[in-house]
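In: Quick one, what's the 3D model for this:
(3 chains)
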Amino acid sequence: MNSKLWLAGLTALGAISAASGASADNEFAGVTVNVMTQTGAIQEPLARHAPEFEKLTGAKINIIAVPFSDLYQKVLTDWASGTNSVDAAVFAPQWMVDYVAGGYLEDITDRVAKDTALQWNDIGPFFRDFSAKYDGKTYLIPLDGDFHMLYYRSDVFKAAGLEPPKTWDEYLADAKALNGKDMNGDGTPDFGSCIAKKRNAQSYWFVTDVAGSMIQSKGTSQGTFFDTKDMKPLVNNDAFKKALEFLNESSKYGPPNELNMDVSDTRPLFVSGRCALNLDWGDVGTLSIDPKTSKVIGKWGAEIMPGSKQVLNWETGKLEDCTKDSCPYAVDGVNHAPFAAFGGWSGGINAHASDKVKDAAFAFLSYVGQPAQSGVDVTIGATGFNPYRISQLDYNDTWKKANMAESEAKVYLGAIKESLNNPNMILDLRIPQNQKYQQVTLDEALSRYLSGEIDEATAISTIESGWNDLNDQIGTDAQLKTYKATLGVQR
Amino acid sequence: MAVSENNLGELIDRHSGRIMVLPAVLVLLAFAIFPLIISAYLALSRFALAPGGFKLTFIGFYNFKRLLFGVQQYHLLGTFKPLGAIHWVLLLVAVALCVTWLWRYSRVKFSLVGFIGRLISAAFAVALWYFILASIGMGGVPGTLVTTFIYVAIGVTIQFGIGLGLALLCAQPIRARNWFRVIFFIPLIVTPVGIAYVFRMLADMQKGPFAPVSRALGLGEWAWSTEPWSARFMVIAGDTWQWTPFIFIVMLAAVENQPRDQVEAARIDGAGGWQIFRDITWPAIAPIAATVVLIRLIEAFKIIDLPNVLTAGGPGLSTESMTLHSFLAWRTQDLGGSAAVGYILLFASTITCVSFFNFVVTRARRHQV
Amino acid sequence: MSASDNRTLAQRLLEPKSVDAQALLPKIATYVVLLFWTLVVLFPLYWVLVTSFKSESDVFTGPFYLPFVDFQPNLDAWRFMLLENNTVWPYFNSVIVAVGSTGLAVLIGSLAAYALVRIQFRVKLAAIGCFLLLLAAVVVAVAALGIAWPIAAAVAIVLFVLFLGTIGRRFRLAVGNNDIEFWIISNRIMPPIVAVLPIYVMFQHLHLLDTQVALIATYTAVNLPIVVWLTRDFFAGIPLDLEESAEIDGASKFRVFFTIALPLVRSGLVATLLLVLILAWNEYLLALFLSNANAQTMPVLVSAQNTTRGPQWWYMSVLIVIMIAPVIVIATFLQKHIARGLLIGAVKG
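Out: The predicted structure is shown next:
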């Protein structure tokens, strides 16, 4: 027999068996699954994998994309009203708690245990144990790894004889020193620091980056939003004050319209070479190596989020110098607390879908998450997926194919690894109605403070009373219980 | 069979009036009155997710109390500061004007309904004036109610000014008049969401078309989006671009319809352009102008796309309109608060539009020769 | 400037040649202003058009103004939007929804407007009050007490009929045509945000969410007040005798309406039609709530181009261009009607 035919046959067989351990040929013929997610990134990889999956299993996958800002409410309205036209959704694990509270999300613990092709243990422990789980049960399949990192222009820092900042004070000093320099050779002065600060966008997370590194020093389970004793907001203290001041001062070294910039505005800015320093999710890394858009190929680096040499004394509300006891995880005397903001796009299944649809939906999400697909997706900027599997954190051929040089990979993947392995990682707030705490109360007060509408003291008292008010409305004891439960995850 | 058909036909004929109105009434009942009642219920309750769906808890006027007097007052009405001397005077002048107006009305002819209506209008105007004085006037921060009225008042005034001006120019004996007419109409047909994004593109001072201009003017370090008034101005600019055509096209038709012979007679008598406008054109077009402004007022209160897309309500609260306020509350599960804001907007715009209709539109029509 | 014009330069500049003409200087000023506004109107549209031919890096390293001069235009965005992306379906939805709802709104609205102009109505105030009370009671019963809605509705209807037949007859206070008209028009004041959630729940109960039917019905309701407002004056302007003679010949009111009244107000109807069509074609907020995948319309697709990685300007521009183009063509053809139609509506409205 012709050896070429043999080979082709073998590869085809391999593709089918690799696709999903659970699904045989045409197993889901006639089954239609509606998957809702956001437009653009995230939609792209799902839409790309849908026809492949359809070919393998006979299922019909409809990807319904809505703008990010409407996604949470669209899914919620569909499920809460009993419409149930959405069979599965890919969304932020932070929202899971609300969906679980309504009993809309399918518990997939057993399915995950049975699915070997998914290679669950390859998923980073943080995402496997935190993002995907609630109250000990697995509800989501992680498809993306999300936390904040620091990005800097290695060439600009080198030319100025500076090291990437380790603390927030150094960050400000570097931003100040580099602001106004021409960094992309177009003759116009560029900016020292670019941080998204737009209202009603994705910028409220950045205040937690700064405050958290001073509030939380004793490991993930210490928490950074509330006092685990009595659910008192950890806002009215010197650490939070300093975080507000940091953001305010960094505006001086940023673009003039920084207050109206979302991450979607700062990313192109960094990638086009106009920022010396930038805080963002992993996306900036994959965008920076994209030859189509990037002007900073080979000129950028990533680091774990800066930290602080002083941490908050929870009793007094004052900042104190780090000691062995107060900062057990400090590196060179600096306490870092990388923030797993948002938590990474993950897929969940509607508990009210029919069994066949649930099976197909799970198989599809599993297919997208399997290393064969996901390993490639996380190297492409347009997918919106960032590395979240252990196998993706080492430099390999897919990274090479994606145009990432080994030196860049070392820095980028190294920063991811360092953040992921940090025992002091900050968990995002995952108590019921967390959107009201963060997206409304925190975001609004922050935006008003940065625009000068209110002063620092008012901002702090607004957030504190707003959070207390929400606690009272929803039930302080219940919220405290959930808050502690989410932090109790053993890593 | 034939008989019953005939009977049916007769029946339809006898009630033809009712049958003609019935579909309209039914549609409005289903899509306006019924939702309004449900919304009223929502506004009086708290929405929470619960296993298997959701739960509504009746909480009375709590949502309204929070917005008007409680912790959310700064958001809807504004952050108030004590009035200064001048502001007190300004407020008292407004009160005095309203009282005089009511007094004069009650002396000429008095009807209880008319008096109560005027009382509501006057009280609302004074309250609004106080909100403006105590927030903007004293360096406080206006809430979404005041911001909405800023958009409505300034926006509609500018649009009317430009629309009327263009209509008067276009009515001159010039060439390519139809050309201008078609071109000026175009902005009206662009979807508002699209316009909002287009203006965001244009207003981008880094890579938008006006970036070199702002750099040349030395404004590189200044951004419109960080100052409340420049951000509001941007919103009004987009709104004006879209809605000026509406006023233009109607006013042009009105101007072209004015009594030609009177205008010519006045010209021969040597009357100037301004005189002709004041004595002939304006009285002829005033009723149409009033109606057009009313239609525009009604729509202007619903503004949401522009502030949402341009600045998402920022910086701070400064560009947030009431519809956006309600929308943002809805987006974060605060359905009760969202409905309450919607209701307050409904009251505010109803009072304004009905007042405008009663005191401006009807008067303008009455003066028509 | 001609030989016969022997006035001085100053005269020529400032004084008109005849009462109908403009002097030179004001004329120039007029053209300057009009051309300036033309620029104001066209520049944003020009920018959208060129952006649709730009690539991502053209946009982010811009501004670039002239295709072929300072950037190389490409058809990538067009190709993606028209061939790869599912744009055809939302476009089709938009057409169906806009045309369907406009047709319905104009039909229902003009019928009602005609009846309100020609027939005297008296609706008892007490009946309205009773109706509203019962409606509120039904809402409370269903929402708060958990009674099934068909039962509550049936009980309410029985009570309402009973009321009309008995106590209702005793009340005198009634509302007339003007009040009904005003009520219909006042519905337009309602901000859509107030009504959208109940409408959502309603369609969910009817299993019509995410269908074109839901959008057509909602848009019909939203635009109905405008139709009534505008068309009532067209009908009021028709001389009565035409219709009366037809009625003497035995034609029913419906026949009179369709064969005599409607054709007479053609011009106004066209204007109304176009205005309502534009409103329905461009509506965003309600479509966002009521549609997911199947009934998605173009405005939602436009705003969906705003992603976490920023607005995809090039895609968005393509969509805006293909949304505007057909309406410009229609508007250009019907332009004369619009002005005349709106004028009649506005004079008496």
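In: Straight-line length of stretch C:170-179, end to end?
Out: Taking CA to CA, to the nearest Å as the measure, stretch C:170-179 stretches 21 Å from start to finish.
In: got the buried residues for it?
Out: C:175, C:177 (16 or more other CB atoms under 10 Å in any protein chain shown). (Glycine included, C-beta is placed from N, CA and C.)
In: Average pLDDT for that stretch, rounded please.
Out: The average pLDDT within stretch C:170-179 is 76.
In: what sits up against it?
Out: The contact list for stretch C:170-179 (CB atoms under 8 Å, 6 or more residues apart in numbering or on different chains) reads C:116-117, C:120-128, C:183.
In: rerun that using 10 Å as the cut-off
Out: B:21, C:115-130, C:182-183, C:232 (CB atoms under 10 Å, 6 or more residues apart in numbering or on different chains).
In: next structured bit after the strand or helix carrying residue A:37?
Out: According to DSSP states H and E, residue A:37 maps onto strand A:32-38. Next along the chain after strand A:32-38, taking DSSP H and E as the criterion, comes helix A:43-57.
In: from the chain's centre, how far out does that following helix sit?
Out: Helix A:43-57 sits 24 Å away from the centroid of its parent chain (CA atoms, centre = their mean, to the nearest Å).
In: swap in stretch A:125-138?
Out: Using CA atoms, centre = their mean, the offset of stretch A:125-138 from its chain centre is 15 Å.
In: now stretch C:270-290
Out: Stretch C:270-290 sits 4 Å away from the centroid of its parent chain (CA atoms, centre = their mean).
In: Please apply the same query to stretch B:36-52.
Out: Stretch B:36-52 has its C-alpha centroid displaced from the chain centroid by 28 Å (CA atoms, centre = their mean).
In: Please see if the helix or strand where residue B:250 lies touches chain C.
Out: Assessed by DSSP H and E, residue B:250 sits inside helix B:228-256. Yes: on the criterion CB under 10 Å from any CB of the partner chain, helix B:228-256 is in touch with chain C at B:237-238, B:240-242, B:244-246, B:248-254, B:256.
In: any idea which helix or strand comes after that helix?
Out: Moving toward the C-terminus from helix B:228-256, the next helix or strand (DSSP H and E) is helix B:260-268.
In: so what's the closest residue to residue B:66 other than its chain neighbours up against?
Out: Take residue B:66 and drop its neighbours on the chain: the residue closest to it by CB to CB, 6 or more residues apart in numbering or on different chains is residue B:72, 4.7 Å away. Residue B:72 makes contacts with A:466, B:63-66, B:143, B:325, B:329, B:334, B:337, B:340-341, as judged by CB under 10 Å, 6+ apart.
In: So how do I select the buried members of those in ChimeraX?
Out: The ChimeraX command for the buried members of the contacts of residue B:72 (criterion: 16+ other CB under 10 Å) is given here:
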select /A:466 /B:63,64,66,143,325,329,334,337,340,341
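In: Can you tell me which one of the contacts of residue B:72 sits lowest on pLDDT?
Out: The pLDDT minimum for the contacts of residue B:72 sits at residue B:334, where the score is 83.
In: so it sits right up against residue C:197, yeah?
Out: No: using CB atoms under 10 Å, residue B:334 is not in contact with residue C:197; the gap is 12.0 Å.
In: What strand or helix carries the residue of the stretch 201-350 of chain A found nearest chain C?
Out: Across the stretch 201-350 of chain A, the shortest distance to chain C (CB to the nearest CB) belongs to residue A:264, at 3.2 Å. Here residue A:264 sits within helix A:263-271, counting by DSSP H and E.
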